[in-house]
Structures are given as C-alpha cells and as structure tokens.
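>>> Return a 3D structure for these sequence lines:
(4 chains)
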There are 4 protein chains.
Amino acid sequence: MGITAAVAGASGYAGGEVLRILAGHPGFEIGALTAGSNAGTDLGAHQPHLRSLRGRVLAETTPEKLAGHDVVFLALPHGQSGPIAERLGGDVLVVDCGADHRLADAADWEHFYGSPHAGTWPYGLPELPGQREILRGTRRIAVPGCYPTSVTLALFPAFQAGLAEPDVVVVAASGTSGAGRALKPHLLGSEVMGSVTAYGVGGGHRHTPEMVQNLSAVAGEPVTVSFTPTLAPMSRGILATCTAKAKPGVTAAALREAYQEAYTGEPFVGLLPEGQWPATSMTLGANSALVQVALDERAGRVVVVAAIDNLTKGTAGGAVQSANLALGLPEELGLTTIGVAP
Amino acid sequence: MGITAAVAGASGYAGGEVLRILAGHPGFEIGALTAGSNAGTDLGAHQPHLRSLRGRVLAETTPEKLAGHDVVFLALPHGQSGPIAERLGGDVLVVDCGADHRLADAADWEHFYGSPHAGTWPYGLPELPGQREILRGTRRIAVPGCYPTSVTLALFPAFQAGLAEPDVVVVAASGTSGAGRALKPHLLGSEVMGSVTAYGVGGGHRHTPEMVQNLSAVAGEPVTVSFTPTLAPMSRGILATCTAKAKPGVTAAALREAYQEAYTGEPFVGLLPEGQWPATSMTLGANSALVQVALDERAGRVVVVAAIDNLTKGTAGGAVQSANLALGLPEELGLTTIGVAP
Amino acid sequence: MGITAAVAGASGYAGGEVLRILAGHPGFEIGALTAGSNAGTDLGAHQPHLRSLRGRVLAETTPEKLAGHDVVFLALPHGQSGPIAERLGGDVLVVDCGADHRLADAADWEHFYGSPHAGTWPYGLPELPGQREILRGTRRIAVPGCYPTSVTLALFPAFQAGLAEPDVVVVAASGTSGAGRALKPHLLGSEVMGSVTAYGVGGGHRHTPEMVQNLSAVAGEPVTVSFTPTLAPMSRGILATCTAKAKPGVTAAALREAYQEAYTGEPFVGLLPEGQWPATSMTLGANSALVQVALDERAGRVVVVAAIDNLTKGTAGGAVQSANLALGLPEELGLTTIGVAP
Amino acid sequence: MGITAAVAGASGYAGGEVLRILAGHPGFEIGALTAGSNAGTDLGAHQPHLRSLRGRVLAETTPEKLAGHDVVFLALPHGQSGPIAERLGGDVLVVDCGADHRLADAADWEHFYGSPHAGTWPYGLPELPGQREILRGTRRIAVPGCYPTSVTLALFPAFQAGLAEPDVVVVAASGTSGAGRALKPHLLGSEVMGSVTAYGVGGGHRHTPEMVQNLSAVAGEPVTVSFTPTLAPMSRGILATCTAKAKPGVTAAALREAYQEAYTGEPFVGLLPEGQWPATSMTLGANSALVQVALDERAGRVVVVAAIDNLTKGTAGGAVQSANLALGLPEELGLTTIGVAP
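Residues are numbered from 1 along each chain as shown, chains lettered A, B, ... in the order given. Coordinates of the predicted model:
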C-alpha cells in the first residue's frame, strides 16, 4: 500500500492544492482531511474541482485526527503548526506549509509575527546549495514562503557566483490566492479586478526576513532586502523582479553562465532562452520556476525576473517535492511540470 | 464659439481617450478626426463608447486635414509627429502625445529610437517645479510618457528635498492599453488574462531616458534608473514602485513632509493618508495620480508607490491639462478628478 | 444654493456610485453621508476614488441624520428603506435604490423576499411608455433592479409593437459589484477571476417578478420569464441576452423599426448599427444602455442583447435620471453618457 | 514502444492543449509537430508552458511530414483537414479537432461554411448513447465543437428521457481561447478584460447546426436551437445555460433522475449535488463537464447549466478520450480529471 497522508487545512487554497497534487501522485494514499470552522462539511463544497475526493467529510484539526499517518501536511494559519507537530511522533513526516518553522532567528520571528518562536526545521527548497541532502530522510520540513521561493531562486545563483552586491530590491506581483480564502474587503473580486495595488510597503512584509536569511547564507555576508509586494488581478502566480548592483567587472556572459550552472539539471527550474521573459501563465498549476537574467549596463545592475505559481512551486508543489526527498521517493514523482496555458 | 480641436490617431486608444475628455470639456469643439489605416471608416466602429461622436468619418492623417484648428492633438506612432507639426503654423497649439519631442538629448533619442531626433518641446508635466509657467502660452507640448509620468511624480519630491541617493530602481505594472491597439500575440486576451509578465528588462525600455532626464534635472546631479516594466491583466492603469537609498539621517517624518509640501494644492496629485496604499482602480478614468511614501528603516530605502490611469493622467488627461495651461484656460477645466470604481 | 442630497449606504458600491455622480452633478449639493457598520469612519477609507469627498465622516443611518435634505438616496439592504422613508416628510424626494418598493404585487414580494410588503412607489424607468410623466414631480421613486433595467429595455419595444410571444428566456451575465460589498467566499477575487458561474437558477432570482411585471404591463397580457443570472469576471456590467418566439409573420425589418421607434430621441438608450453587438465595456461608468436586435429565422425567435453598467444605468445613474425628472431638472443633467474604454 | 502521434497546428491553442495532454499521457510518443506560418520556429516560442518539448522545431504542415505516425491530431483552420486526411492511410488514426467532418448534412455545411462538404466521420462524443461503441476501433474521428460539447452534454439526457419540448434556447459564455490565437482587435486583452460581449447572434454561429444534429438524433424529432454565444473575460471555459419547455407533467424529481441515470458511471461528466451550480473554474485544465439541472415551475422550463474547459473536454481532452477508445486503450488514460483551482 501507499504512504498515507493527512492534510490539515483542507478547505483552504493551500490545502486544496496539496490535495490536487496528492490525488495525482502515485506514491500517496489520502487519509484524514481536517479543517477549522469548516469541520463537519463536505470537501466538495469548498474544493469542487477535486472531483475524486467529493463526499469526504472534513474532520476537526486535532493531533488525534492527524495521527496514524506516515505524512501530515499542515496548511494552517501561522502559530498553529507548532503545537500540533509536537503531538505527532518523531517518525511522522510533518510538512509545515505555514511560516512557523522557517526562520532561524527567533528575534526576527518575534519582530515580524509578535509571538514566541516555535523553532527551526529543515528548509524545503531543494535547489539551494546543499539543501537536497539535508532534506533526504528528514521528518520535519518547513515549506518556504511563496515570495521567498521566487526571490531566492531568482537571486541565489548571482550571490553564489559572487556577482551581486548585497543590497537587493525586490518588487513582486502576486495573485490573490496568496492571501488565502480570507473574507476581507480588499480581496473581493470587485476590488481586485482591473487593479494592481501595493501593500506591506516599507519593509513590513513578513516574508522579508526569510529572503534575507536565504540570500545572506548563500552570499556569506549580510544581504539587505527592500521588498514591495503588489497584488495583481489574477488568482495565481508570482512574478518577482529582483535587482542588485553588479559587482565591478561583471559581464552579461558571466551572469548567464552562473545561472546556467546553477540550474542545469534542476528538474523544476528553467532558465529561459535569451530574449524570452517569464510570464506567470507559463507556470500555472506547475511545480516550476522560470527565470531570466539581464545585466543593465547603464544602471550597473543585475536584473532577474522569476515566475512561479504561488500555490504550486510556491507552496504545495514545493511541499511534495521536499516530501518526496524526505521519504526516499524520486524527487519528481507526482509533480507534473506541465502548466495550463493559455 | 469654442476652441476647435483636431485629433490625429482617433481610432487608437490614446486618441479615443483624448476624445472622451474633449467630448466632456466645455472649452473645446471637436473638429477633424483622422486615422491611418482606419481612414474612411466610422469612428463608432472603433470607439463605440463615444456615443455622441458616432457617425463621424475618419479622415486620413495629413497636415491639410489637421490645419485650420486652434489645437491639434497628435496620437501617432513615434516618428510621425515631427513632419506633421512642421506643416502646422506656429500659432496652432500642437500637443504631441507621442515620444518624438520629449527628450532633450539627441543621442539618447537616437540610441533608443534609432531615428533622427525631431527636436525638444516644452514638457507637459505641470507638477514639475517651474514647469507650469513654461507651459502657459506655449504652442508646442510634448506630453510625457505614461511610465515617466508616474515615476517622476513618485520621486521628484524626494530629490527636490535632497532625501534620496541618485540611484533609482523602478518596477512598474501597466495595463495592456499602454501598448496601444497593436495586433501582437502577447497582447491577446488569452495570453494576458491570469498572467503578469516582464518585458523590456535590463534597461532597454524607451521610457528610461525620459525618467533619467526628469529626475536628474530635479536632483541637480545625474540619476541612474533601473527600470523594469511588467504587463498586468487589466486594461488600464500603472502602478509604479520606486525606490532609492535614503540619504544619511533621513527620517520618515522628513520624507512625508517633503511630499506634503510638493503636493499640497496640486489639483491632480494626492498623497494618500498614512497606511493607505495606491491601487490603480482608484484612478480609473481620472486625471489623477495617487502617491504613498515610506521609509524602509531596515533596508535604508525610500519607497514610493504611485498609481495613475495610463491613458488619462498618463496620456490624454495630462495632454488636456497642459493644453488648458497653454490656452489660458483654468487648468482643471474639463478634467474630472472622479475615477470609476469599483 | 443647490438642492441638498443625503446618501444612506455611502460606503457600499451603490452608494459610492450615487456619490460619484452627485459629485459631478451641477444641481446637487452633497449633505449627510450615512452607513451601517462603517458609521464613524472616513468615507475615504471605503471610496478612495472619490477624492473630493475625502475626510467626510460617515454618520449612522437614521431618519434624523437623513432629515433636512431635499433629496435622500437610499442604498440599503432590502427591508430597511420602508421604515426610514416613513419618517421622512412627504415633501422630501426619497429615491430608493433597494428593492422594497418596486413590486406592485404584495404576494410576489412576500414569496421572493419573505417579509411584509412595504408598498409600491413610482417606478424609476423613464423609458417605459408613459413613465416619464409619472416621475415628474413625484416625491417617491423606486429605482429598478439592475437586471430588470437591462431586460426591460431589451424587450419592451418588441412587446409594445406586438412582435413577440409572451414567453421569454433571459440569460444575463453580471459583474461582481452587483452583489455589493458582501464578504462571501464566492465573491472573492480568487474565485471570481477566470470563471463564469451560474446562480439563482430555476426561477429563484428575486429580480424575476420585476421583469414579469414590467413586460406584462407593456404586452397587455401575462408574460412568463425564465431568468438565469450568471456571474462574470468583471467588476461592472450586465449583458442580458433575451429571446422570445416571434409572432407569426414578423420580419427583421419590422423588428428593427420597432426598436428605432422606441429609442429615437431617448438620451440614454442606443440601438446599435446592424452588425455591431453590445459589449459591457461600451457603457462602463456611463448612464447608457446599448441594444441590438435580431430575428433568428431558423429558430423563429426574436433575440435582443442589452448592455448596461449595473451600477450606473442599472442603479445610481438611473436613480439620478429619475430624480432629475422628479425635481424638474433637465433629465440629462449631471449624467455624462461617455463611458470609459477600453 | 508507445503509439506515435503527430500534431498539426502545434503552435495554436488547440494544438498546444493536445500536446499538454500527450506529454502527460503514458501511451503516446510525440512525433512530428507541424505549423503553418510558424513553421521553422521553436515550439518553445509559442508554447512556453510545455517545458519538456522546448527545442522542438515546427515542420510545415504537409501530409508527408504527418505520415508514418500511428495517430495524427489535426488542429487546423476549417477546410484544411479533408485534403490532408485523404493523403494519410486508412490505417492511421486521424483525429480532426476542426469542424470539417462533424456535420452529416452537406447542405448545412455549405450554408454555414460556404465551401464543399468534406464528408462525415464518427463523432467524438463517447457520452452520447451508442457512441462509445462506434468509436472503438475507428480510424477517423470528428472531434465535436466546444459549444456543442457543452450543450449536448447539458441537454441530451432530458431529450433521451422525453422530458423537454424540442425548442431550445442556449446562451453560452466562452473564454477567449475559443477563438484561437487569431490577431483580431476584438480579441485584444484591452478589449476583452472587464467586458462581456455578444457575437454571432441570431442563429449565425457555425456551431448551431451541430447542436441541432445531436439533439434531434437523441430526441427522435427535429429540435430547433436558438444559440447566442458571448465572450467573457477569461482565457478558458464555457458555461452553457440551456433551456426548453418541460413536457407536461414533468417533475423536478423525474428530471434529476434522468440526469443521474445518464451520467452515473461516466468518468468525465458530473452531475453536481442539488444547490451547487457549475463554474468554469471547476474544470480548468480538466477533461470534465459539470452539469446541474433545475425545473423552473413558474416558467414551465427545464434549465440546465454545463461547464467545461473549451480546450480540454471541449477540444483536446475530448480528442484524446476518443482516440483512447479508437486505439483500444483505457478511455481515461492520460486524462486527469483534476482541474486547477482557484
């Protein structure tokens, strides 16, 4: 029989995407599905696209309901993963799609989230240097945030190759599903359609310290990140535009070579041919990141643009990719790289 | 009788927006309407929303057809305005919505456009220091580009007050109407909807030297601009996110004060209250720019976000605003500041 | 001094649209603005596009706050208008954008709304035969529903001319603002974008009896209406496709003539030239309805398509148009017919 | 080795969707890819989401290039399939995604398409009574049109059970990809976004005779269809609202039972639970149709709404489903039923 997987937060967008992937994954058997306020209702009322799972009733999210599975995917509001994970045995693979266990620095956590730090787990971004090995066999995975996934993939090759100064500007556009199924006025269709808006400007977004952490580790020196997220009129997708001053003497050729080297052989990251720029639609529903890089000679800057689907490579796909590694399955198993377009 | 106005390029998006504004403007009487390949057809086939102008047949764009009006609005592909303007008398107000006469530096023009420079006209951005006076009574107006309008309004107060270092990063999202009614695959609805994409990355966008020109003039020193435009799934609107290192010692209060000072009394630019961020939908169809500013203390950066409607304040509204000044009309005449939302 | 106008429900979409129109209307002076749960907050937080009204604090919706104005526009949830109107003097013009006073049949009201009927007011659709005269001088106006506005304008000329059988099928697509600013999951941008969905199928929609009432009155016999509303991924707009069997012997020419006759001279309704079909974008922000009609010879059916902006001609514009009539102002005053496109 | 498949029209939307499905199908090996004006270019320039097929150069669409494969999928403009199919051997399975071989009545073809009829092939809608058997082993398949797929699935159970009068009204909303990658002004993003528009009104749409053909065959009597297609601001999806007078005495229960009977066991068609209505987003990228049915007692009408993805179940998915049957493969092979949502 397959590996059994429970999903907590199954009525939300991240939980639904985990289920979409698991339902097409040959290695997993879907077990308990849990929810918060939607407990007791039919999954089909919330995820009508998951036809094969219609009729499944959502249980309440408790350690008891989640226990007894080989893998537990947690797609919960931040702050809820820690207590649940503690009650699940150390032999259970716990994959936290929330923020709780991503940051190494407890002070950073407390500054941005205003609550006690729950600890740090192995970081689920296999493309980072050395990270694939860390993930093999682990039983705890902190799935990266959607923005940090795109920004880290966009920039780490430049820092790994020593080509960029450690002062980064990122402006990213995200689809609305990144905010979850929260009933807030600014997420209503009437407000969102036909409009791009900024939010969390001036360094306040909680994903900033995660970007700083990742890029500083690769650069070997502290990297500052000015991050401005914007909301775009689409359900899914992140397009991250990232720039840093080029180190003296950097050439366009050296830059391109660094990215080719970093991504050759990576199953889920693609460096686009010169002249083709990423669009989020190229990755819709796919566990892939598409990257393009340029040297702006006039401004003396490295400019990198990355596109991902925030729910797939940015959340649930990345989660399953890391879970595959942790469980000794082929990394690509169950993760189609084919997006839906147009 | 009113002032007579001709519009060249009336079947395009910019020309249509000029007409929408003129049709509601008490000071103008609409005269000849001309087009290129659409000459001979009914305006109503191309601009069905302009109900009061149905039945008008488009003439061919020639100096003869445009002559004999008090004002001529040119909404033409770049390179076409110069020859036509030369054939219109010096007493005719010629308002060029195209790029031909914006740049002061002929070498910049030739580098970015690959054709001979047509000369430099008074720049139609009345909000720039001293510019309103230059525009009064002029008979030639170079309407700013849509991106440079948003970026210049976003950043010039910071440079005027000496608060920002002269190394700017801009990432802007634009609606598709900014590309005009061009029949190109990447502008098809099927490609555009549900997707944000980058283009013109690495310093190649033609609006970059215009930003450099504007900001350098205000800063009193050369400003470099790294500009990345992106295409968002909406018809109208630009959201420009602009950032530069703060000069040493700059405080959030000083920053805010500089913007309050710059924009108090400006009829078409609004500094939003603290905590509210611009959305392009706040400006749909309105000749207004909405701006918000923040100091990112961690990254040491000034971050400014500006929203405009690319066709209104970014093109046709700005054109009429400057024309009002040139003709001695009240600057706000015929320019409603009320956007259509949601 | 102008006529003073109060607006109840000013933080919602309908109330905001009433304010957008009033702010550009030369005959009105805006007085009290009231709200329900948003009372005490700044209008600018909810309607950031209404720049000239920033700083206005929303009062609570009570008869006391609304009293003392010449006109009161009510944009309230159904059931709330009646009690308030009773407390406003008979000399005050009360314009009810809600459903409470539209239906003549109390049983219909109770069947569809499940509450006691509040009475019937003059119906604010001046284009209906004889209706303009009824509205002149009235002090109570029931603004039509958005769907019934589009469907009645689409079909009444065919019934007036006796060309259609009294068995109508209507399928209409609406933008999401028709549902108001309600915090419901199916109205979230993530759910709405990229998707068309049906709702209220099978005769259950509350706007159905209003259509039946209007069309039966014109036809002089009972008309049945099968109405299916759908939700489309746009903020504004209704496109109503309406069809009925053609009476024996009806020709395409007779059909077109009936519509020409009905709409010649109507300032806000346009019959499009043959071959051009309505798009909701042709009416965005405009108080206009665009109509096209065809005879399907194979199926023996009259097919009429009408486009309106649900918030303008479908609600607030229609309200002001009728209020102009009631107050003896020119019917078109303050109602631009120019939509914002593209 | 697998079955080899060539795809003609690989740079278009339909061809791209065939490739998306084949790339994830365990039974097929992708062979020649051909195009018209895009011949000689890299597939990756047109279909950047198909990462595993990057680098494939498009050949010219000729019988020679397509010969030598077990299966040939034709995704060509109408009129081009016939001549090519004639040159491919009778042992090759030819799957025509175009219209050429759908209609049985040559006069209908000539009336609607204005060219000689190319003949009639087995119709690729396995859900139709008896059709699955016809498709097994065939070497020629006419893939149904996208609208007829949705409308036939919506209505045939009612006609099969004798519950509906043979006079049908259909209003359907389609995403823009249904029009293909044609460079036409009305398909530009700027025109499409924020707008629903009608087209082909009055019986002129070429898919009408196909609906008539399918429903008449099931009803056993001539069925008239009044069909109005509309264009909605989304890339993919069809929502078809279909109605016919109920036969005397029909009950809601009888209606529901007819649909349950028709669709129980069908892998790709789902009757939604009572109270849940189809949204196109429930089917995005999935080879599924979701259907709901109601009896409007007041209007005496059966109302059925169906949602499909026009490119998947409406074209390429339906094509592969039928090809599976023709080749003796499991009908569901390679056709995930999981849509991408939100």
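
>>> since we're on A:A67, how many residues are nearby?
By other Cβ atoms under 10 Å in any protein chain shown, 15 other residues sit near A:A67. The C-beta positions use only the backbone N, C-alpha and C, and glycine is treated the same way.

>>> Now do the end-to-end distance for stretch A:111-125.
Stretch A:111-125 has an end-to-end distance of 24 Å (Cα to Cα, to the nearest Å).

>>> Mean confidence (pLDDT) on it, please.
Across stretch A:111-125, pLDDT averages out at 94.

>>> Only the buried residues of it, if you could.
Neighbour-count burial for stretch A:111-125 flags A:F112, A:Y113, A:H117, A:A118, A:G119, A:T120, A:W121, A:P122, A:Y123, A:G124, A:L125 (criterion: 16 or more other Cβ atoms under 10 Å in any protein chain shown).

>>> So which of those sit within helices?
Members of the buried residues of stretch A:111-125 lying in helices (criterion: DSSP state H): A:F112, A:Y113.

>>> got the buried residues of stretch A:111-125 as TSV, with distance to B:E331 columns?
Formatted as TSV, those follow (distance: Cβ to Cβ, whole Å):
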residue	distance to B:E331
A:F112	45
A:Y113	48
A:H117	56
A:A118	58
A:G119	60
A:T120	58
A:W121	60
A:P122	61
A:Y123	56
A:G124	56
A:L125	53
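
>>> which one of the buried residues of stretch A:111-125 is nearest chain B?
Of all the buried residues of stretch A:111-125, A:F112 has the smallest distance to chain B: 10.7 Å, by Cβ to the nearest Cβ.

>>> how about the nearest residue to the closest one once chain neighbours are set aside, phi and psi?
Nearest residue to A:F112 in three dimensions, chain neighbours excluded: A:R206, at 4.6 Å (Cβ to Cβ, 6 or more residues apart in numbering or on different chains). Main-chain torsions, A:R206, degrees, to the nearest 10: phi -70, psi -10.

>>> how much does the strand ranked longest in chain A deviate in direction from strand B:164-174?
Looking across chain A with DSSP state E, the single longest strand is strand A:164-174. Strand A:164-174 runs at 30 degrees relative to strand B:164-174, counting by axes from the mean of the first three to the mean of the last three Cα atoms, to 10 degrees.

>>> Just checking the helix or strand that strand A:164-174 is followed by against chain D, any contact.
Tracing the chain past strand A:164-174, the next element assigned as helix or strand by DSSP states H and E is helix A:189-192. No - Helix A:189-192 stays clear of chain D (Cβ under 8 Å from any Cβ of the partner chain), getting no nearer than 11.0 Å.

>>> Any stretches of chain A with poor pLDDT?
A:1 (pLDDT under 70).

>>> mind listing the strands for the stretch 151-300 of chain A?
Using DSSP state E, counting those that start in this stretch, the strands of the stretch 151-300 of chain A run over residues A:164-174, A:197-198, A:224-231, A:238-246, A:269-271, A:289-296.

>>> So what touches the second one?
Strand A:197-198 is contacted from outside by A:186, A:228-231, B:239, B:241, B:277-281, B:292, B:305, B:307, using Cβ atoms under 8 Å, 6 or more residues apart in numbering or on different chains.

>>> Give me the longest helix you can find in chain A.
The helix spanning the most residues in chain A, taking DSSP H as the definition, is helix A:146-160.

>>> Against which helices or strands is that one packed?
Counting contacts by 3 or more Cβ pairs under 8 Å, 6 or more residues apart in numbering or on different chains; DSSP states H and E, helix A:146-160 packs against strand A:164-174, helix A:208-219, strand A:224-231, strand A:238-246, helix A:252-263, strand A:289-296, strand A:301-308.

>>> Select, out of the ones you listed, the one closest to D:L53.
The closest of these to D:L53 is strand A:289-296. By Cβ to Cβ, the value is 14.6 Å.

>>> so what strands line up beside the closest one?
Sheet partners assigned to strand A:289-296 using DSSP bridges are listed as strand A:269-271 (parallel), strand A:301-308 (antiparallel).

>>> so of these, which one's packed in deepest?
Stretch with highest mean neighbour count among these: strand A:301-308 (a mean of 29; mean count of other Cβ atoms under 10 Å in any protein chain shown).

>>> Which element is encountered next along the chain beyond that strand?
Remark: after strand A:301-308, the chain's next helix or strand is helix A:317-327, criterion DSSP H and E.

>>> what does the stretch 151-300 of chain A put close to chain D?
A:177, A:193-194, A:235-236, A:270, A:272-273, A:276, A:279, A:281-286, A:288, A:290.

>>> 10 Å - rerun?
Residues of the stretch 151-300 of chain A found near chain D, taking Cβ under 10 Å from any Cβ of the partner chain as the criterion, are A:175-177, A:181, A:193-194, A:233, A:235-236, A:267-268, A:270, A:272-273, A:275-279, A:281-286, A:288, A:290.
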